[in-house]
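no sequence for this one, just the structure:
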């Protein structure tokens, strides 16, 4: 039971800090390590225990792992500030000066109509022109609305009374952050799906309606064998 919140509050600054941090990938495992894995391994009783454990055990997730120190964390903060001051603020000021009411009207319309249709066509193409032809023994079905909204699962396929899930992401979702990673909420959703239906959820990246991460096909084949 959570009795106290330790996170700092940054108020209106939070959006800017979050945007810049994600844009320049300053909180990725390649910079700060696999923090959730570390804290679960530590099982700390208090913040001080976790802090000490982190700096004793954290390494960057890179080809040549580097020890993470208080100084390296400080340097990341300094880089964040530099990016915001030298790039983010000037870019945003320019956008604010150029932004029109018509831009806002067009954006909402495009987001609601055009992008929704693009996503719909992309999903159909990946499933019915891609996975359904690779795995003709499977019948892919659009997931129930509740499952789609809560579990981030777009399609399911029955395998011997169990189900696997498919989530489709545009390739930009992977490229925006230098490698798409699941949020904790999404990980929990996928785990809940597996607990209920026994099968895994696979994230398929779409590029112009085709499967971009071809390696996922072998992963799905392995899961079909396991469930069969």
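Great, that's in hand. What you see is a predicted model, and the numbers here were worked out from it, not measured in a lab.

all contacts plus neighbour counts: C-alpha atoms, from now on.
Noted.

before we move on, what SS does the nearest residue to residue 26 once chain neighbours are set aside have?
Nearest residue to residue 26, sequence neighbours excluded (C-alpha to C-alpha, 6 or more residues apart in numbering): residue 76, at 6.5 Å. Classification of residue 76 using DSSP: H, G, I helix; E, B strand; the rest coil returns helix.

change the start of the numbering to 44 and stick with it
In the new count, where the first residue is 44, that last one comes out as residue 119.

wait, residue 119 sits on residue 67?
No. Contact criterion C-alpha atoms under 8 Å: residue 119 and residue 67 do not qualify, at 10.3 Å.

list the contacts of the spatially closest residue to residue 237 that is not a sequence neighbour.
Excluding its sequence neighbours, the residue lying closest to residue 237 (C-alpha to C-alpha, 6+ apart) is residue 243, at 5.4 Å. Residue 243 makes contact with 206-208, 233-234, 236-237, 266, according to C-alpha atoms under 8 Å, 6 or more residues apart in numbering.

mind listing the helices for this protein?
Secondary structure of the chain (DSSP state H): helices at 56-66, 72-75, 78-85, 90-100, 113-126, 132-141, 144-152, 158-167, 175-177, 188-194, 214-218, 227-240, 259-270.

give me whichever of these is most buried.
Mean neighbour count (mean count of other C-alpha atoms under 10 Å) peaks for helix 72-75 among the helices of the chain, with a mean of 18.

for this structure, give me the ranges with low pLDDT.
By pLDDT under 70, the weakly predicted segments of the chain are 44-46, 188-194, 215-227.

redo the helices of the chain as a markdown table? Include distance to residue 247.
Shown next, in a markdown table, are the helices of the chain (distance: least, C-alpha to C-alpha, whole Å):
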| stretch | distance to residue 247 |
| --- | --- |
| helix 56-66 | 22 |
| helix 72-75 | 22 |
| helix 78-85 | 24 |
| helix 90-100 | 33 |
| helix 113-126 | 31 |
| helix 132-141 | 33 |
| helix 144-152 | 27 |
| helix 158-167 | 10 |
| helix 175-177 | 13 |
| helix 188-194 | 15 |
| helix 214-218 | 9 |
| helix 227-240 | 14 |
| helix 259-270 | 7 |
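
which among those helices is found nearest to residue 107?
When these are compared by C-alpha to C-alpha, helix 72-75 sits nearest residue 107, at 10.0 Å.

now do the closest one: everything it contacts.
68-69, 78, 101-105, 111, 116.

and the two most separated of these?
Largest separation among those by C-alpha to C-alpha: 68 and 101, giving 17.5 Å.

against residue 88, how distant is residue 56?
30 Å (C-alpha to C-alpha, to the nearest Å).

over to residue 271?
In terms of C-alpha to C-alpha, residue 271 sits 43 Å off from residue 88.

run a quick neighbour tally on residue 48.
Residues contacting residue 48 under the criterion other C-alpha atoms under 10 Å number 6.
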